[in-house]
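>>> Okay, sequence plus prediction incoming.
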Amino acid sequence: MNGRMEGAWKEMEMRKKKLPIGIEDFEKIRSEDFYYIDKTGLIRDLLYNWGEANLFTRPRRFGKSLNMSMLEHFFSLRGDKNIFEGLEISKETVLCEEYMGKFPVVSISLKGIDAGNFETAFRMGAHAVRREASKVQYLLESDGLSESDKREYRRLLDSSMDESTFCSSLRTLSEMLEKHHHTKVILLIDEYDVPLAKAHTNGYYDQMVSLIRNLLKEALKTNSSLKLAVLTGCLRISKESIFTGLNNLKVLTIADKRFDEYFGFSDEEVKELLRYYDRLDHYEAVKGWYDGYQFGNTHVYCPWDVLNYCDRIRSEPDVQPENYWMNTSNNDVVKRLIQESANAATKRDIESLVAGETIVKEIHQELTYAEIYETIDNIWSLLYTTGYLTRRGKMEGRRMQLAVPNLEIRDIFVTQIMEFFKENVRGDGDTLNRFCDALLQEDAEQVEKIFAWYLRKTIRIRDTAVRKDLKENFYHGVLLGILGVKTRWGISSNREMGEGYADILVEPDTGNAGIMIEVKYAHDGNLDAACKEALKQIEYTRYEDDLKDDGVENIIKYGMACYKKRCKVLHLCVLTNFAASAKSWCEQ
């Protein structure tokens, strides 16, 4: 490509719409030339399928907050109608005439309430209410409000707001707005359950349950000024815990067919996105890594991941997919599941999931945070509702087939499995020392015996659809986990040596020795042949040359072959202080 053509191409790329990574403000996306995937059909379906109070439960990173911002700008008296031009909802002229820009809106997000104690969490919640109340200070001058009303409103602006005022705040604000505007209010509460999750983690759950229960009861049950309410969250907290007596709540979960296409990206939407940025050739990679979720009857991609990856490949077309989910979550629920793998049945279930297979479990979508880790059945339910597992096929009552959605989530499982293995290995000093001693003493039989024992002990990562080199990565990781406890040994992985990259290089702190390990996966089950292939690779690529140049006199080479939970170990010893290398081939 000549300079002029390259410049023209770059200029054309610069003219394309920006990608809205992390932007949850609908107005900003529409007015500042960001790429937007049209989800305004949600407004139409919400109004035609009327529910006074609606709760949408979806995993995090699936566009809940952006949709709430969209609803706010559609209904709000202060909304800009122009930002909806050309979108699906604009075709619904009757609905737009009746509802667009016709209502005062109270919109509050609870996602930022994350504190180590109840007092701080309450202050954060009060600040969120105060910030929303401060947007309508024209109420202080309103002829529709009495002096008593205005005193009550001022309490919402007070930095020393008490719990009683907080719990009635959304109802109070709704009443004041109705009196001023002479129309009922739209109430939006985003991520209602985040304070409960944080409270459970930090030990003040009961206090927070009481606070949120009273807030919602006042806002949704006894609020005569309410026109329509929409809540979002990750979990459907049981009515007995939070929504006591609230009979007007319509709950729409990831299992429901209604509204199933409005959270997450569809396959066609992803194709169109990639086509727009001239990256349709990355479609299969995007699908494998970020697709696979089933909401109702619709298969969807995770928007957060798709947008981040698309942003990367715009400037780096050869960049490989990566795990964006892992960087935005602590993945505690996966850790807790793996900790339960001492149970043989749970261990088999995890192995099946990581292998791309399905398992059948009874799922309970109504839980409390206090219950989620009480039983393994509740953990399965939490994994489903939070997006670490998804449904395949049809539900049979509460029973459903569960699967890992895609390669990204599989990567989270694999990473947590290896971390758990390493933590357990550290507490097994005697066996570790025997393994490392056997490596140094060229006792291939003992190395094989102990390594096989570790393979039986850990959760096996298998997948018939995964490339051979990725299967080898699991066994490679187990070895590194074992060797990693030798903090004074030099352990290198995939180090460039000779004419290639050595799988594992070990440089013990005792003696003038170096240990080279090449790992092969015996895809046909022939462990002997795979072992010999590993040793041949070490010889052919002359991995030992660098060690010889460093004066290492005793180089021990191991070929390790693995198949499922079986392994075979062969070794080859090279004494570099002889004029002609003396080699011993020892098959154990």
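Alright, I've got the coordinates. Everything quoted here is computed from the prediction, not taken from an experiment. Residues are numbered from 1 along each chain as shown.
>>> I'd guessed residue 522 sits against residue 563; true?
Yes - look at residue 522 against residue 563 with C-beta atoms under 8 Å: they come within range, at 4.2 Å. For the C-beta atoms, the positions are set from N, CA and C on the backbone; glycine is no exception.
>>> neighbour-wise, which of these two wins?
More neighbours sit around residue 522 than around the other of residue 522 and residue 563, counting by other C-beta atoms under 10 Å; the figures are 22 against 18.
>>> Tell me which stretches of the stretch 1-150 of the chain form strands.
Remark: strands assigned in the stretch 1-150 of the chain by DSSP state E, counting those that start in this stretch are 53-57, 105-109.
>>> Note down every partner strand of the first one and its orientation.
Right, strand 53-57. For strand 53-57, the paired strands and their directions (DSSP bridges) read strand 226-233 (parallel), strand 249-252 (parallel).
>>> residues in contact with the first one?
With contact meaning C-beta atoms under 8 Å, 6 or more residues apart in numbering, strand 226-233 is reached by 46, 52-58, 64-65, 67-68, 71, 75, 103, 174, 183-194, 219-220.
>>> Also stretch 288-295?
Contacts of stretch 288-295 with the rest of the structure, by C-beta under 8 Å, 6+ apart, involve 58-59, 254, 260-261, 263-264, 267, 270, 299-302, 305-306, 309, 321, 387, 390-392, 403-409.
>>> and if we set it to 7 Å?
Applying C-beta atoms under 7 Å, 6 or more residues apart in numbering, the contact partners of stretch 288-295 are 254, 260, 263-264, 299-302, 305-306, 309, 321, 387, 390-392, 405-408.
>>> now stretch 559-579: mean pLDDT?
Model confidence over stretch 559-579, given as mean pLDDT, is 74.
>>> which of the strands paired with strand 53-57 has the lowest average pLDDT?
Taking each of those in turn, the one with the lowest mean pLDDT is strand 249-252, at a mean of 90.
>>> to the chain's geometric centre, what's the distance from the helix or strand that that one is followed by?
Once strand 249-252 ends, the next helix or strand along the chain (criterion: DSSP states H and E) is helix 267-276. What separates the centre of helix 267-276 from the centre of its chain is 22 Å, taken as C-alpha atoms, centre = their mean, to the nearest Å.
>>> Ok, stretch 510-518 next?
Going by C-alpha atoms, centre = their mean, where stretch 510-518 is centred and where its chain is centred differ by 40 Å.
>>> which parts of that stretch are buried?
Residues 513, 514, 515, 516, 517, 518 are the ones in stretch 510-518 that count as buried (16 or more other C-beta atoms under 10 Å).
>>> quick one: contacts for residue 188?
With contact set as C-beta under 7 Å, 6+ apart, residue 188 has these partners: 68, 71, 72, 105, 107, 230.
>>> Listing request: residues of the stretch 251-400 of the chain with sub-threshold pLDDT.
Counting by pLDDT under 70, the low-confidence segments of the stretch 251-400 of the chain come to 328-329.
>>> Would you map the strands across the stretch 451-588 of the chain?
Read by DSSP E, counting those that start in this stretch, the stretch 451-588 of the chain holds these strands, from start to end of the chain: 490-497, 500-507, 513-521, 554-563, 566-575, 582-587.
>>> To residue 455, which of these lies closest?
Put simply, out of these the one that sits nearest residue 455 is strand 566-575, at 6.2 Å, with distance taken as C-beta to C-beta.
>>> what is the orientation angle of the closest one with strand 554-563?
With axes from the mean of the first three to the mean of the last three C-alpha atoms, to 10 degrees applied, the angle from strand 566-575 to strand 554-563 works out at 160 degrees.
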